[in-house]
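> what follows is a predicted structure for the sequence shown.
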Amino acid sequence: MFEKLKSIVGEDYIKKNESMAKHCTFRCGGEAEIYVVPGSVEEVVQVIKTCREQGYPYMVLGNGSNVLVRDEGYHGAVIEINNRISTIDVVGEEIIADAGAKLSAVAMAAYENDLAGFEFAHGIPGNVGGAVVMNAGAYGGEMKDVLKWVKVLNHEGAIQTLQADELELGYRTSVIAKKSMVVLQMCIELQIGSAGEIGEIMQIFMQRRKMKQPLEYPSAGSTFKRPTGYYAGKLIEDAGLRGYRVGGAMVSEKHCGFVINYDNATATEVLQLIEDVKIRVKEHSGVELEPEVRII
């Protein structure tokens, strides 16, 4: 399998037994049996087609900012779509971006072209592909507010363009996630604005992040989905779990909604902490927390 995939991407872009701690913002987790980085949409299609034909497990990874890989690792191919596929084009009031482009880079392109409406994404540490799949959002904005269309590789191996109203975008979900499609490209539609105002809003959002979030430690951002009518961080704090630790994993003292890799945590320790938090919150408030982080 390694040789088949190497023939598609070249030997510089494929590895065996690659530590996923290098590729996930939690900075922990096991190894990928094969780790491959395609350099074009055509290579993405060929790699996935080959895995499917051979019955070989695979998963697609972006920036790894919402993922935790178990210490046992992933027995298959991890296909990373990163800055090798990251073109950003501004066409009038629209921005077309490849799946590997960083959200922060798309937000800067909007700012530089006086386009408003994407400021919320400036500090989200993810790539376009992952953001579309999970309908990423922050500070009152979500991908669903700006998406016009998305080009995907569907589960039948064909490239398909889905319009915004076909994406079934909801809170941290989409039809892309439900049907295991792969994002290749997106188009967002913004409005003409003032660069000064856009830049100011982006700065305010970034300052809020630095003040309220434990950005100095590895994490996957907000660990739990927001329960209807509640805030996960408040529920965790009320359950007395601020600073709660399992090994090197800890509930952030700065923001209880974040589980952080405080001191060389293993993925197993992070997972145990997540489970402990769920149990304690359920006992204290009766609310069932659901992880937002994707467990591999």
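Sure thing, it's come through. Quantities reported herein were computed from a predicted structural model and do not represent experimental measurements.

> and the closest residue to Ser219 other than its chain neighbours, its phi and psi?
Spatial nearest neighbour of Ser219, chain neighbours left out: Ile260 (4.6 Å); criterion: C-beta to C-beta, 6 or more residues apart in numbering. Every residue, glycine included, has its C-beta placed from N, CA and C. Phi and psi for Ile260, reported as degrees, to the nearest 10, are phi -120, psi 150.

> where along the stretch 51-200 of the chain do the helices fall?
103-112, 128-133, 175-178, 195-212 (DSSP state H, counting those that start in this stretch).

> dump those to TSV, plus mean neighbour count.
Converted to TSV, the helices of the stretch 51-200 of the chain look like this (neighbours: other C-beta atoms under 10 Å):
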stretch	mean neighbour count
helix 103-112	20
helix 128-133	28
helix 175-178	16
helix 195-212	14
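
> pipe those helices into TSV and attach mean pLDDT per row.
Listed next are the helices of the stretch 51-200 of the chain as TSV, based on pLDDT from 0 to 100:
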stretch	mean pLDDT
helix 103-112	96
helix 128-133	95
helix 175-178	93
helix 195-212	94
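
> hmm, back to that, how close does the residue nearest to Ser219 get to Gly247?
12 Å (C-beta to C-beta, to the nearest Å).

> coming back round to it: which of the helices of the stretch 51-200 of the chain sits closest to Ala77?
Closest approach to Ala77 among those (C-beta to C-beta): helix 128-133, 16.4 Å.

> please save the CA atoms from the closest one in CSV.
The C-alpha trace of helix 128-133 is given here as CSV (Å, rounded to 0.1, in the frame of the first residue of the first chain):
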residue,chain,number,x,y,z
VAL,A,128,-10.9,25.6,5.1
GLY,A,129,-11.8,21.9,4.7
GLY,A,130,-12.3,21.1,8.4
ALA,A,131,-14.1,24.4,9.0
VAL,A,132,-16.6,23.6,6.3
VAL,A,133,-17.1,20.0,7.5
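
> tell me the helices and strands packed up against it.
helix 103-112, helix 175-178, strand 182-189 (3 or more C-beta pairs under 8 Å, 6 or more residues apart in numbering; DSSP states H and E).

> Glu166: which of the helices of the stretch 51-200 of the chain is closest?
Across the helices of the stretch 51-200 of the chain, closest to Glu166 is helix 175-178 (C-beta to C-beta), at 6.9 Å.

> tell me what the closest one is packed against?
helix 128-133.

> what about Ile260 and Gly247, which has more around it?
Using other C-beta atoms under 10 Å as the criterion, Ile260 and Gly247 rank with Ile260 on top: 27 against 15.

> got a list of what that one touches?
By C-beta atoms under 8 Å, 6 or more residues apart in numbering, Ile260 lies in contact with 214, 217-219, 249-252.
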